[in-house]
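Undergrad: here is a sequence together with a model predicted from it:
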Amino acid sequence: MHEETTGLRILGSPIGSAAFCKEFHLKKVKAAMDDAAKILNGLSDKQTMLRIFKTCTLHKVTHLFASDVLNSPLDSLTSAWYDWKSDMTEEFSAMLDSFMARLLGIEHFPQHAHIISTISIANGGLGLQHPRLNAIPSAIISTKRAINYANNGIFLPGTTSACILPPSITTLYKNWDSPQPTSATFAIFNKYVCPIISAAVHDNELPPELLPDDAVKKFINNTSIPWAREQIKFHAGKAHVIRLINEAPEDVLHAIPGLLLPHMSLPLVAMSRSNSAHRLDNKDFNTALRVKLRVGIYHNDDAPICFCGKKIDKHLDHYFTCG
């Protein structure tokens, strides 16, 4: 036995020095990368590959999103709650891009396709979890729940009244709303909670500085966590749709309204468990996914000639305009 001096893991999350937590996060992303490679090497059905990657591999890391934010230096925090940046975020992006490129059989997964894949299904994307959109909201939701439990107790199944936590725990949360909190967790919470309330609760109708005085306390004590998560996810998706419009190349920009249709998203990431006949074969799935992500069906050199005599473009747009 020896004394642990760098950090430890509790319920899957690291607690310790910033260097220890950062190393822990990167190790877990590396393990997820290895799992993603096993999916690609061990399975043959592409729709199954994407389904397992989305629901299993990515979700092995999502519990670390909040930890990545709460263990980062305060001076490195981004201004936008839906645009988290960190070393873990970069490694996560590399994992996602590598997996999707191999799945599609392309050398490079373009940035516009990366954005579409991480936008929520409700906003017309593929809904692949990504810390860029979800890390800060995850930290805020976790802190909201902890403050609520400390102030109001915890309702357990089968009980009619809350179980009040001991003072050794509740006193840690007494000064969460201090203008200059001593805890980095509360400083991060206070930095982002009002912009998130403005977006998720008030649908951006009220700027953070014009929120009611009791808005934060109502959010902590009364707002449903499942509802808040869905609203936050939707508004983060809206922000990245704007980003997509601002950054997309010309041959993608004009197609965005058609690409971001939710009914084009769900069939690609959901699949029937009981009837394999309801799944797309690899050729059709690959084509549908390439159309959705606008990565091109053909290379310019091997595109076929249409009956009209013109060469078909790599995105098949010609089919919708040819008479």
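TA: That came through, no problem.

Undergrad: where does the prediction get shaky in the stretch 151-300 of the chain?
TA: 272-277, 300 (pLDDT under 70).

Undergrad: switch the cut-off to 80
TA: Counting by pLDDT under 80, the stretch 151-300 of the chain shows low-confidence ranges at 204, 271-279, 299-300.

Undergrad: also the stretch 1-150 of the chain?
TA: Scanning the stretch 1-150 of the chain for pLDDT under 80 picks out the ranges 1-12.

Undergrad: looks to me like I15 is in a strand.
TA: Yes: counting by DSSP: H, G, I helix; E, B strand; the rest coil, I15 is part of a strand.

Undergrad: what lies in contact with the longest helix seen in the chain?
TA: Using DSSP state H to define each element, the chain has its longest helix at helix 18-42. The contact list for helix 18-42 (CB atoms under 8 Å, 6 or more residues apart in numbering) reads 6-7, 9, 14-15, 49, 52-53, 56-58, 60-61, 64, 67-68, 71-73, 87-88, 91-92, 94-95, 98-99, 102-103. All C-beta atoms are positioned from the backbone trio N, CA, C, and that covers glycine.

Undergrad: I136 is in what secondary structure piece?
TA: In this assignment (DSSP states H and E), I136 forms part of helix 131-152.

Undergrad: and that helix, what's buried?
TA: Under the neighbour-count criterion of 16 or more other CB atoms under 10 Å, helix 131-152 has 131-144, 146-151 buried.

Undergrad: out of the contacts of helix 18-42, which end up buried?
TA: Applying 16+ other CB under 10 Å to the contacts of helix 18-42, the neighbour count classes 7, 14, 49, 52-53, 57-58, 61, 64, 67-68, 71-72, 88, 91-92, 95, 99, 102-103 as buried.

Undergrad: stretch 40-48: end-to-end distance?
TA: Its start and end residues considered, stretch 40-48 measures 10 Å (CA to CA, to the nearest Å).

Undergrad: alright, that wraps it up for me.
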